[in-house]
Structure formats: C-alpha cells, structure tokens
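Undergrad: Need a 3D model of the sequence below.
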Amino acid sequence: SITGNVPSENHRISSTNWLACRGSVAITSNGVCSVLANSTVAIAVLALDQFVKEVIQRTLPAGGTSVGPLFDFQRVRNAGVNFGLLSDYPALVLVLTGTIGLALLGYMIVRPPHHWWTVTGFAFLLGGGFSNVVDRIRLGWVFDYLNIYPFVGYLNLADLAIGAGVLVLVLEATFRKNTQ
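TA: The predicted structure is shown next:
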C-alpha cells in the first residue's frame, strides 16, 4: 500500500499498489493507473459536492442558520468567482473556468502524476472545479452556502476541495524539492 508523508520512489503509483488498478491485466502503465485514480477521486468529489448542495438547498431554513460562532449557512448565488468577482460576466466566467479545467485535465492526461499526493491534489482541483462548472451550466451561477468566521465570503465544498488541492500540490512540490 501507499504510506508515508514525503513523496519518494516508494510512493510512485503502480498497477500493483493502487487500489483502482489492482488485479487489472489491461492497466499496466503508471500513467493510465494515475489517470484512473485521479478520475475516480475527482468524480467522487464532484458527486459529494452536488449531493451536499442538494441537501442544503432542500433543508436550509429560508433565513439560513448559524452553527456556533464559526459557521453561517445561507443560500448564495455566485455568478462570479471568489468574492463575486466578475459576477457581471457569467458567460465569460463559465468559459474561463471550463477552459482552465479542461487544460488541467489535458495536462494530467499528457503528464500523468506518479505520486499519490499529486494525484490527490489534481483530483481535488478537478472535482471541485468541474462541480462548480456543473452549477454554472445547470443554474447559471454557483450555489455557495457556507461562511466560516472570521473569513468574509461564502463558499461550498467544491471551493474547499479546490483550496485543499492547491495546498496538497504546494506541499508535495515543497517536500519533493527538499528531498532531492
């Protein structure tokens, strides 16, 4: 199995040590295996985010609610990006975010990640990003619902996944650089 905190050759994904590829005769390339693993996690993130949004939409009281002093839940339509930037240009935001997501997906296919940290980071970025693109296509805006005090601005699980993906990739690159 894949364990440890610092990426090394022992953490490279292969068809013998990644659950999604275990036992598959057809999948022998690390690249194919990492794309499969990445896609599986990204789809899970997308599905979980869409599910949570639906639960929030159906169950959140009309005036919203607060949970303790840290969490405020409201239904927020965000046609823009972070903090509502570019909200006057929803079509442009859809094209830009979709293009960025497809470029990231293309990069991951052409240069598949071989370390589980990298796969995780890319998967969180893709899953979160494409879930927000699904909102933009389906609703015309992104459904945000959570504000975490003392931060300003509402977000959703997809946004948290994107942030986590960036953090994981930065940490992975830092650890890899320090171990080489």
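
Undergrad: Packing partners of the lengthiest helix in the chain?
TA: When the chain is parsed with DSSP state H, its longest helix is helix 30-59. Helices and strands touching helix 30-59, by 3 or more Cβ pairs under 8 Å, 6 or more residues apart in numbering; DSSP states H and E, are strand 71-78, helix 90-110, helix 116-139, strand 142-148, helix 157-179. Placement of C-beta: from N, CA and C, glycine included.

Undergrad: Specify the next element, helix or strand, located C-terminal of that helix.
TA: Beyond helix 30-59 on the C-terminal side, the first helix or strand identified by DSSP states H and E is strand 65-67.

Undergrad: Each with direction, which strands does that following strand pair with?
TA: Strands that pair with strand 65-67, judged by DSSP bridges, come out as strand 71-78 (antiparallel).

Undergrad: okay, the partner strand in CSV with CA atoms only?
TA: Below are the C-alpha coordinates for strand 71-78, written out as CSV (Å, rounded to 0.1, in the frame of the first residue of the first chain):
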residue,chain,number,x,y,z
PHE,A,71,-20.3,28.7,10.7
ASP,A,72,-23.0,30.6,8.9
PHE,A,73,-25.2,28.9,6.3
GLN,A,74,-27.1,30.9,3.7
ARG,A,75,-28.2,30.3,0.1
VAL,A,76,-25.9,32.4,-2.0
ARG,A,77,-26.0,32.8,-5.8
ASN,A,78,-22.5,33.4,-7.1
